[in-house]
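Chemist: A structural model of the following input is requested.
(3 chains)
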Amino acid sequence: MPELGLIIEVVLIFIKVYIVGMILFMLPLPLTWLERKVAGRIQVRLGPHRVGPKGLLQPFADMVKLLLKEDIIPDKADRFLFKLAPLLAMIPAFAVFVAIPVGDTFTIPGIDYVFKLYISDMNVGVLYVLAIGGLGIYGIIFGGWASNSKYSLLGGLRSAAQMISYEVALSFAAIGVVMMSNSLSLVEIVKSQGGGFWNWNLFYLPVGPVWFLIFFIASLAEINRIPFDLPEDEGTLGSGFHTEYSGMRFSFFMLAEYIAMVTISVLAVVFFFGGWMPPIDPATFGIKVPAQIMSVWGIGWFIAKVVVFIYIFMWIRFTLPRYRYDQLMTIGWKILIPVSLITVLVTGLMRIFLT
Amino acid sequence: MIEQIFFYIFAIIAVVSAIAVVTSKSPIHSAIALIITLLQVAAIFILLRSPFLAAVQVFVYVGAVVVLFLFAVMLLDLGGEKIKEQFHQQTVLGVISSVGLFVVLLFMLSRGSLTAPTGGYTEAVLAKNTEVIGKVLFTKYIYPFEVVSLLLLVALVGAVVLVLNQKGKDGV
Amino acid sequence: MLTLTHFLILSCILFSIGVAGVMIRRNIIIVLMSLELIFNAANISLAAFAYYLESITGTVFVVFNITVAAAEVAVGLAILVAVYRRRKTVLVDQLDEMRY
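Modeler: Got it, this is the predicted structure:
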């Protein structure tokens, strides 16, 4: 008979995974509504407003529509891969969240049980997040290949080339964060930014903002958002890798895309904006706040920062035009990578001489 | 006990998908099988208490190398092949000699014994796996590290030069 | 109890499959993939030796090995693309002339 504490730990991990999974599954519903409302506001129109108050029930209507649509598989498609691809796009997007901390610990008063506000604190957290996050590309590549259509194939090809090019810059940005925070564990990275907004990695002057820009641009390209959404460029490619997809399988791709957007927002917050740390810590002014209240307060800040980032992604999507493919490659190889090499050098010198 | 069960699961999946890499008709299916094998190898690295290696394996192999393979397959449009095109005439000979190789390796394994002295990196030290590897990499193995970085640079330049399209020469 | 032999036998099996793949397949891409299998077999045994000998050298060697494998694939595929452009084939037994 194993001891009770171990069983409780295992059960808690299952509950946490279930909760995180459910939240991620439900998130695209409000996000699609928000995205269309933001689009409406930016393009000076109303956005969805018929279904429910302020169009709030629109996502459910969309869901019913997608579920009822006929699921078409092209005649000459590779059926096995065609069915596998949407799942391959979705699973890594979920798996990344195993390593994401939404807070530190929460000590339940009375029984003094320390509840961890993350599923797992790995000592290779940053590597894990980048590695697993990079796997989502297989859904796009295989989807493009299996459809047996030239537009889909071109979408998949573009996506593969784009992903390899920008993975380098993204990894450099992660290296920068690791150098600034002195750890590969995401929990430690957030803890190193505590004490007030001037300790955030963003304000690790002068290199912090540069790293953030590199991270932001590279991650936009990694998750195929405008202005780098060449794999699904409707102007030249039909709609890219998911041209042949319909119904539920198509919505899996959409789901993966939204979760990827959330992932990148969360990573930006953890890497550069102090995670769950509030901008001004009451402890610096000598005010004592119970730890439990601080944890809940921290989760609130975490969610608020992530929402701001999601809004920025939507804002960019409806404001910027799309780059040409050669421009995309030029930005990746001739600007981002040289700049990050120089910034690695500067960050390293700062770490040696300033600490 | 639990470790052993996991080892056999990973090992069997790895071997089956490795066979699929070698035998499947379409290069794309081979690539999928290769991904599965590489992920199993990453899992085996975790069994060997080396999460850093596992993460690097997934990051470099699954995240970049196989994507490069797929890129080449799609760029050259290498679809499925007929069964006659798949294998050489020397298939039988090849299979026999690789089985022979396996038997020889097993024989050597059964004869060998572990006599080398054990080092100081016990499991307790390796709890901070990444930190230890980083320190060793940048102190004791700094020269190999520099050589490898030079190798990467050469490979980068070499790859660019090789595929550079000489206009007017072959007109592709 | 897992022993070193378990890992070494797995490594041998993967190595043999990789060698077989290099010898029997005609498509260069599959030959390159089989080379990756061989690399991985070597990596498993290096990591296993590092763990059971309580030494770090094997682990570091695996890191170098992965780097070399990545470089090998980049150059190999570049050669493949260059060859395909000229010869319009990727079957190894048709690429049997020294010059073209």
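
Chemist: quick one, what contacts whatever residue of the stretch 251-355 of chain A ends up closest to chain B?
Modeler: The minimum distance from the stretch 251-355 of chain A to chain B, using CB to the nearest CB, falls at A:W333 (10.1 Å). Quick note: C-beta positions are derived from backbone N, CA and C, even for glycine. Neighbouring residues of A:W333 by CB atoms under 8 Å, 6 or more residues apart in numbering or on different chains: A:S165.

Chemist: if you skip the residues just before and after it, what's nearest to the residue nearest the centre of chain B?
Modeler: Centroid-nearest residue in chain B: B:L38, 6.4 Å away (criterion: CA atoms, centre = their mean). Once flanking residues are discounted, B:L38 sits nearest to B:Y61: 4.6 Å by CB to CB, 6 or more residues apart in numbering or on different chains.

Chemist: now do A:P48
Modeler: Nearest non-adjacent residue to A:P48, counting by CB to CB, 6+ apart: A:G55, 3.3 Å away.

Chemist: What is the burial count for that neighbour?
Modeler: Number of residues near A:G55 (other CB atoms under 10 Å in any protein chain shown) recorded here: 18.

Chemist: and it, how far is that from A:I310?
Modeler: 18 Å (CB to CB, to the nearest Å).

Chemist: before we move on, what about B:F10?
Modeler: For B:F10, the distance to A:I310 equals 38 Å [CB to CB].

Chemist: Tell me which of these two has more neighbours.
Modeler: A:I310 (22 against 19).

Chemist: any idea which helix or strand carries the more buried one?
Modeler: helix A:291-317 (DSSP states H and E).

Chemist: one step back: let me know the secondary structure of the residue of the stretch 251-355 of chain A closest to chain B.
Modeler: Put simply, A:W333 is helix when judged by DSSP: H, G, I helix; E, B strand; the rest coil.

Chemist: pLDDT score assigned to it?
Modeler: pLDDT, A:W333: 88.

Chemist: With C:F49 instead?
Modeler: On the pLDDT scale, C:F49 gets 90.

Chemist: got a list of what it touches?
Modeler: Taking CB under 8 Å, 6+ apart, one finds C:4, C:55, C:58 in contact with C:F49.

Chemist: ok, now which ones touch A:G47?
Modeler: A:36-41, A:55.

Chemist: Okay, and which of those residues map to helices?
Modeler: A:36-41 (DSSP state H).

Chemist: Pull out the buried residues from those residues.
Modeler: Buried subset of the ones in helices among the contacts of A:G47 (neighbour count, 16 or more other CB atoms under 10 Å in any protein chain shown): A:36-40.

Chemist: Need these in TSV (columns: distance to A:I15).
Modeler: As requested, these are exported to TSV (distance: CB to CB, whole Å):
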residue	distance to A:I15
A:R36	33
A:K37	33
A:V38	34
A:A39	36
A:G40	38
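
Chemist: Turn those into TSV, including pLDDT and distance to A:W297.
Modeler: Below are these laid out as TSV (pLDDT from 0 to 100; distance: CB to CB, whole Å):
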residue	pLDDT	distance to A:W297
A:R36	89	32
A:K37	90	28
A:V38	90	27
A:A39	89	33
A:G40	90	33
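
Chemist: What residues does chain A have near chain B?
Modeler: Applying CB under 8 Å from any CB of the partner chain, we find that chain A lies next to chain B at A:78, A:81, A:122-124, A:127-128, A:130-132, A:134-135, A:137-138, A:141-142, A:144-145, A:153, A:156-157, A:160-161, A:163-164, A:167, A:184.

Chemist: Just want the residue of the stretch 101-250 of chain A that's nearest chain C.
Modeler: Counting by CB to the nearest CB, the stretch 101-250 of chain A gets nearest chain C through A:I164, at 9.9 Å.

Chemist: Surely that residue is in contact with B:F69?
Modeler: No: in terms of CB atoms under 8 Å, A:I164 does not count as a neighbour of B:F69; the distance is 11.4 Å.

Chemist: longest helix in the chain, by residue count?
Modeler: Using chain A here. Assigned via DSSP H, chain A shows its longest helix as helix A:150-181.

Chemist: hmm, I had chain C in mind actually
Modeler: helix C:57-87.

Chemist: sorry, back to before: show me what counts as buried in the longest helix of chain A.
Modeler: A:151-181.
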